[in-house]
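Novice: Provided below for reference: sequence and predicted model.
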Amino acid sequence: MNERIEIRGARENNLRNVTLSIPKNKLVVLTGPSGSGKSTLAMDTLQRECQRQYMESMGMTSEALPKPKVDAIFGLSPSISVGQHVTNRNPRSTVGTVTDIHSYLRVI
C-alpha cells in the first residue's frame, strides 16, 4: 500500500514544475504567501485528478474534468472537496451541515 501521494512536474496556474511527496494518514497543511499556489495545488491539481480518476474507475467519461498539467501523480484515493467560501453565516454550521453529509449520517 502506498503511504505517500507523489506529485511530479505540476504546472497548473502559478506552479512551476513542482515536485513533492505528501504523507498519507497525516494532517498536512499548505502554507505560504498569497499567490504561491496553495489553492492551485490542493484544488486544481490534487482534487481535480482525484475526481477524474474516480469518474474513470466508475466507467464515466471525465471530459468535464480535464487532466491537470502535471507529469505524474501517484497514490491518490477518492476525495471530498469542501469549498473555502462561506455559504451560511449561521454560527452553528459545521462541515457536516454545510455539505449535507449530516443528513445522510442521521439516516444511517
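Specialist: Thanks, I have it.
Novice: With only the CA atoms kept, save the helix or strand of the chain at the bottom of the mean pLDDT ranking in PDB.
Specialist: Across the helices and strands of the chain, mean confidence by mean pLDDT, DSSP states H and E is lowest for helix 95-98: a mean of 75. Once non-C-alpha atoms are left out, helix 95-98 reads as follows in PDB (Å, rounded to 0.1, in the frame of the first residue of the first chain):
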ATOM      1  CA  VAL A  95     -18.700  21.000   7.700                       C
ATOM      2  CA  GLY A  96     -21.300  18.200   8.000                       C
ATOM      3  CA  THR A  97     -24.300  20.600   7.800                       C
ATOM      4  CA  VAL A  98     -22.800  22.800   5.000                       C
END
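Novice: where's it relative to the chain centroid, distance-wise?
Specialist: Taking Cα atoms, centre = their mean, to the nearest Å, one finds the center of helix 95-98 at 17 Å from the center of the full chain.
Novice: which residue is nearest the centroid of the chain?
Specialist: residue 47 (2.6 Å; Cα atoms, centre = their mean).
Novice: Specify the local secondary structure of that residue.
Specialist: Following DSSP: H, G, I helix; E, B strand; the rest coil, the label given to residue 47 is helix.
Novice: What ranges does this structure have for its strands?
Specialist: Ranges of strands in the chain, per DSSP state E, are 4-10, 18-23, 72-74.
Novice: between the longest one and strand 18-23, what angle do the directions make?
Specialist: Computed with axes from the mean of the first three to the mean of the last three Cα atoms, to 10 degrees, the direction of strand 4-10 lies at 170 degrees from that of strand 18-23.
Novice: from now on call the first residue 63
Specialist: Yep, numbering from 63; the last one is strand 66-72 now.
Novice: mind listing what strand 66-72 pairs with, with the direction of each?
Specialist: strand 80-85 (antiparallel), strand 134-136 (antiparallel) (DSSP bridges).
Novice: returning to that earlier point: list the contacts of the residue nearest to the centre of the chain.
Specialist: 141, 143 (Cβ atoms under 8 Å, 6 or more residues apart in numbering). Where you see a C-beta, it was placed from the backbone N, CA and C, and this is true even at glycine.
Novice: what does the model give it for pLDDT?
Specialist: Looking at residue 109, its pLDDT reads 89.
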